[in-house]
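Chemist: Structure for this input, please:
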Amino acid sequence: MWNPYFVALAALAVHVKLARSDDLMYSNSSSCVDPTGFDACRHRVWESRGDCMGNCKDGKDDCINACDCLEAQKLINCGATSCWNEVYLCPYQDAVGQLLYTCPDVDVDQIPFWPIPDNAPGRCVCDVAEVANKQREIRHSIDTCDAKINSTDEASKPQLIRACECCTMSALISSIWDTCPNTDPSTNTFPYWNRTLFSPYDWDTCGPTLQENNCTDILELGDDPAERVENFYEPDNVPKNGTGVLTNTGGPISTPASGSTFTWTIGASTYPITAAASNTAVPSGTDGSHASGQGAQETGGGESVAPLRSRPSILVAVTVVGFYIGLVVC
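Modeler: Predicted structure coming up:
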C-alpha cells in the first residue's frame, strides 16, 4: 500500500542529491597532492558516466542509480589516488555520501577513509557521509512501514500511515541536527526534505502522533551507531539551528592515511589504489575492475585534460559532489 509519501521517500537515492550544498563546490583541485592527475581522473569519470547514462534509455531509477553508484566509486578512487591529502575534507566525504545514497547494500567497513577519525587532521566540520548513512537507513524503514500497514486492519491504517510519516520526518530531522548540530541545516539536505516531505505532509501537526507512538518500534531502525537515530524530535522541541557553513578544520594530511598502496572492495568490484606522489600522473589501473550491470558498463578514457566543459546544468544540479563535480580550471 504505497501512498505519495512513500513514493517521495523511496526516491531518495536518485533525488536527494538535489539537497547537497553549494558550499561543497570547489572551483578547482589545485590543493590536491597531484592536481593534474586528479583532473584527468575526474574527466574520465565524467566520460564514463555519460556513456553509462546513455544505456538508461527508459530513465528508470535503477539504471540511473547504477550509474551514480559507479561514478561515486570512481570519484573515491580519484581522491584516494591523487587527492589523498584531503580525504577527510568535506568534498571527499560527500562523494562517500553519494556512494551510500546510490549503491545497494554497501559494506560501510570497506569504504576508504570513512568514518572520519575523531582526531583526523583537516576534517570536515560536519560528517556529511554519516548524515547520508543515517538517511539511507531511514529510507529503508519504508519497507517496514509498508509491511505493517498491509498487515493491519482497514480501520487502523490511517493512523499507522500517519505514524510512519511523522516518525520518518522526525528521524530525518535527527539525522541532520544531531549529526551536525553547529552546521546550518540549509546546507545539509534540509531544504530538500522540507520541500518534499515536511511541508506537504504537515510536519507542524505531528506532535500528538509522535507522543502517541514509539517511533523506534514503528521504524525498526538499526542499532549500528553510524545508523542509529538517538532522538525523535517533535515540532516544538527541534534543537536550535546551527549557523556554521560546511568548512574544513586544520591542515591537510601529510602522508597517505592508508599507506602508499591499498585495496578496497564494494560488491563485485575491487580497486587497487596507489597514492600519487606530488606532481605525478595518475597510476595506471586506478579505475579497478567491476562487474557490469544495467547501464553500468565501463569504457576507457584518455588522460587528456584539454579544456573541459561541465555537464549540462540539470545534471550538475542533481550530482553535487564537492570538487569532484567542480569545474576544472585549465
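
Chemist: So which residues make contact with stretch 105-125?
Modeler: Applying Cβ atoms under 8 Å, 6 or more residues apart in numbering, the contact partners of stretch 105-125 are 76, 80, 85-90, 92-93, 96, 99-100, 127, 129-130, 133, 180, 182-183, 226, 244, 246-254, 257-258, 262, 264-267, 273. No exception for glycine: its C-beta is placed from N, CA and C like everyone else's.

Chemist: now do 7 Å
Modeler: Here stretch 105-125 makes contact (Cβ atoms under 7 Å, 6 or more residues apart in numbering) with 76, 80, 86-90, 92-93, 96, 99-100, 127, 129-130, 133, 183, 226, 244, 246-253, 257-258, 264-266.

Chemist: ends of that stretch, how far apart?
Modeler: 27 Å (Cα to Cα, to the nearest Å).

Chemist: Return the set of buried residues in it.
Modeler: For stretch 105-125, a neighbour-count test (16 or more other Cβ atoms under 10 Å) marks 106, 108, 111-116, 120-125 as buried.

Chemist: circling back: filter the contacts of stretch 105-125 down to the ones in helices?
Modeler: Judged by DSSP state H, the subset of those located in helices is 76, 80, 90, 92-93, 96, 99-100, 129-130, 133.

Chemist: Just the buried residues of those.
Modeler: 76, 80, 90, 92-93, 96, 99-100, 129-130, 133.

Chemist: Pull the number of nearby residues for residue 234.
Modeler: Counted by other Cβ atoms under 10 Å, the residues lying close to residue 234 total 16.

Chemist: So it sits against residue 209, correct?
Modeler: No - taking Cβ atoms under 7 Å as the definition, residue 234 is not a contact partner of residue 209, at 9.2 Å.

Chemist: Tell me which residues touch residue 175, please.
Modeler: Residue 175 neighbours (Cβ under 7 Å, 6+ apart): 131, 134-135, 138, 229.

Chemist: Could I get the pLDDT score of it?
Modeler: Note on residue 175: pLDDT of 93.

Chemist: can you tell me the helix or strand for it?
Modeler: Using DSSP states H and E, residue 175 falls within helix 157-177.

Chemist: shaky segments in the stretch 151-300 of the chain?
Modeler: In the predicted model, the stretch 151-300 of the chain carries pLDDT under 70 at residues 224-227, 252, 278-300.

Chemist: Okay, strands next: where are they in it?
Modeler: Applying DSSP state E, counting those that start in this stretch to the stretch 151-300 of the chain gives strands spanning 261-266, 269-274.

Chemist: Show me the one of these that comes nearest residue 153.
Modeler: strand 261-266 (42.5 Å; Cβ to Cβ).

Chemist: partners of that closest one in the sheet?
Modeler: Strand pairing for strand 261-266, using DSSP bridges, gives strand 269-274 (antiparallel).

Chemist: Pull out the buried residues from the strand it pairs with.
Modeler: 269, 271-274.

Chemist: I'd like the residues you listed as JSON lines, with distance to residue 155 appended.
Modeler: Below are the buried residues of strand 269-274 laid out as JSON lines (distance: Cβ to Cβ, whole Å):
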{"residue": "269", "distance to residue 155": "49"}
{"residue": "271", "distance to residue 155": "53"}
{"residue": "272", "distance to residue 155": "59"}
{"residue": "273", "distance to residue 155": "57"}
{"residue": "274", "distance to residue 155": "63"}
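
Chemist: and which of these is nearest to residue 36?
Modeler: residue 274 (15.9 Å).

Chemist: Tell me the spacing between the closest one and residue 81.
Modeler: 7 Å (Cβ to Cβ, to the nearest Å).

Chemist: For this protein, which residue occupies the most central location?
Modeler: Closest residue to the average C-alpha location of the chain: residue 97 at 2.2 Å, with Cα atoms, centre = their mean.

Chemist: Which residue, neighbours along the chain excluded, lies closest to that residue?
Modeler: The shortest distance from residue 97 to any non-neighbouring residue, by Cβ to Cβ, 6 or more residues apart in numbering, is to residue 132 (3.5 Å).
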